[in-house]
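K.L.:
sequence and computational prediction follow.
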Amino acid sequence: MVEMQVITSMTIQALLNLVRGKGLNQLSGPVGIYQATATYASLGFGAYMMLVAQISLNVGIFNLLPLPVLDGGQVVITVLEWITRRQFNEKLKTAIMIVCWVLLISVMIFATWNDISKLFIK
């Protein structure tokens, strides 16, 4: 339980650092996750399951970010609509979601590029 609290704290700190522009070279995508999975699998079942738990927790925390295309953003929109007692303009919501999708895809491409460049540049 304490380990998950530490991992959660580290995940939130890492997200804050990314927003501040720190640690971008440590951002990892699918290639890095595959490499970590292979490494942890060689350390034994317990280490592997700890990594799986960490990845699951990270995905959950990421999904709670207040971006409209993620669950956290949907919660924010719903709460704001409830407070103001009116629906947001659908065209505006769609435009914001498109921008957020482009942002998320750009981050995923950047993370994958980081992973691939680490394979060739050591």
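P.N.:
Received, thanks.

K.L.:
so which helix or strand takes in the residue lying closest to G29 once chain neighbours are set aside?
P.N.:
Nearest residue to G29 in three dimensions, chain neighbours excluded: A111, at 3.4 Å (Cβ to Cβ, 6 or more residues apart in numbering). Using the backbone N, CA and C atoms, a C-beta is placed for each residue, glycine as well. Per DSSP states H and E, A111 falls inside helix 90-120.

K.L.:
residues of that helix that come out buried?
P.N.:
Within helix 90-120, the residues that qualify as buried are I96, C100, A111, T112, N114, D115, counting by 16 or more other Cβ atoms under 10 Å.

K.L.:
what is the neighbour count of V31?
P.N.:
By other Cβ atoms under 10 Å, the residues close to V31 number 17.

K.L.:
got the CA positions of the one helix or strand it maps to in PDB?
P.N.:
Taking DSSP H and E as the criterion, V31 maps to helix 30-42. In PDB, the C-alpha atoms belonging to helix 30-42 read as follows (Å, rounded to 0.1, in the frame of the first residue of the first chain):
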ATOM      1  CA  PRO A  30       5.100   2.000 -26.200                       C
ATOM      2  CA  VAL A  31       8.700   1.100 -27.100                       C
ATOM      3  CA  GLY A  32      10.000   2.100 -23.700                       C
ATOM      4  CA  ILE A  33       7.100   0.400 -21.900                       C
ATOM      5  CA  TYR A  34       8.000  -2.800 -23.900                       C
ATOM      6  CA  GLN A  35      11.600  -2.500 -22.900                       C
ATOM      7  CA  ALA A  36      10.700  -2.000 -19.200                       C
ATOM      8  CA  THR A  37       8.300  -4.900 -19.400                       C
ATOM      9  CA  ALA A  38      11.000  -7.200 -20.700                       C
ATOM     10  CA  THR A  39      13.500  -6.000 -18.100                       C
ATOM     11  CA  TYR A  40      11.000  -6.500 -15.200                       C
ATOM     12  CA  ALA A  41       9.900  -9.900 -16.500                       C
ATOM     13  CA  SER A  42      13.500 -11.100 -16.300                       C
END
